[in-house]
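1. Pasted the sequence and its predicted model underneath.
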Amino acid sequence: MPSNRELTQSIYDAFAKGDAAPLFGAMHPQVSWKQAENHPYADQNPFIGPARIGEGVFGRLTADYEGFTVTMQTLVAEDDEVVGLGRYTGTHKGTGKRLDAQFAHRWTFRDGKLVEFQQYTDTAQYQQAMKA
C-alpha cells in the first residue's frame, strides 16, 4: 500500500492531467470535505461523501471556470496527515477574470482512505473573479 504522502502526490499528479478518478477512489464513503471559510462554495460545508463533493465542489468548479488547474508545489506529511501547498489558476467563465490563488490543503487519511479534507485559499480572489 502506498504511503499517505505517495497517495496524495498521485492524486495531485492525476488531477493535473484532468483525471479526478484517483481522488474520488481514495475517498472514504463518509469523507468530510470543507472549503475555506468565505469561499463561494463553502455555503454547504461540510460536504459529506463523494457524491456531495462531486456536485457541490467539482461540479460548480467546472461550470464556473475554464482551464481550472491545481498546481501542487510542496507536500509535507506526518502519520495520517498530509499538507499540500500550491496554486489554483483558471478563468471565470461568466466574467472572463483570471484566478491565480495560493492554497494549502490538509488531507487526513485512515487505513489508506481520505476521511477529511480542509482547504485554505485566498478567497478574496475567488470573490473578485466572480464579480462582474
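-> Happy to help now that I have it. Numbers count the residues shown, from 1 in each chain.

2. Poorly predicted segments of this structure, please.
-> Across the chain, nothing is flagged by pLDDT under 70.

3. quick one: the strands in it?
-> All strands of the chain, identified by DSSP state E, fall at 27-34, 47-48, 65-78, 81-92, 98-110, 113-121.

4. In a markdown table: those strands, plus mean neighbour count and distance to K17.
-> For every residue, glycine as well, the C-beta is placed using N, CA and C. Below are those laid out as a markdown table (neighbours: other Cβ atoms under 10 Å; distance: least, Cβ to Cβ, whole Å):
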| stretch | mean neighbour count | distance to K17 |
| --- | --- | --- |
| strand 27-34 | 16 | 19 |
| strand 47-48 | 18 | 24 |
| strand 65-78 | 14 | 10 |
| strand 81-92 | 18 | 15 |
| strand 98-110 | 17 | 18 |
| strand 113-121 | 19 | 19 |
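
5. Mind putting those strands into TSV with distance to K131?
-> Shown next, in TSV, are the strands of the chain (distance: least, Cβ to Cβ, whole Å):
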stretch	distance to K131
strand 27-34	23
strand 47-48	24
strand 65-78	14
strand 81-92	9
strand 98-110	12
strand 113-121	17
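
6. between the ones you listed, which one is nearest to R5?
-> With distances scored as Cβ to Cβ, the stretch of the strands of the chain nearest to R5 is strand 65-78 (3.7 Å).

7. Need the contact partners of the closest one.
-> 3-5, 8-9, 12, 15-16, 61-62, 82-93, 99, 103 (Cβ atoms under 8 Å, 6 or more residues apart in numbering).

8. Relative to it, what are the paired strands and their orientations?
-> Strands that pair with strand 65-78, judged by DSSP bridges, come out as strand 81-92 (antiparallel).

9. So which residue is dead centre in the protein?
-> With the centre of the chain defined as its mean C-alpha position, the nearest residue by Cα atoms, centre = their mean is Q119, 6.6 Å away.

10. what's the closest non-adjacent residue to that residue?
-> With Cβ to Cβ, 6 or more residues apart in numbering as the measure, A36 is the residue that lies nearest to Q119, at 4.8 Å, once sequence neighbours are left out.
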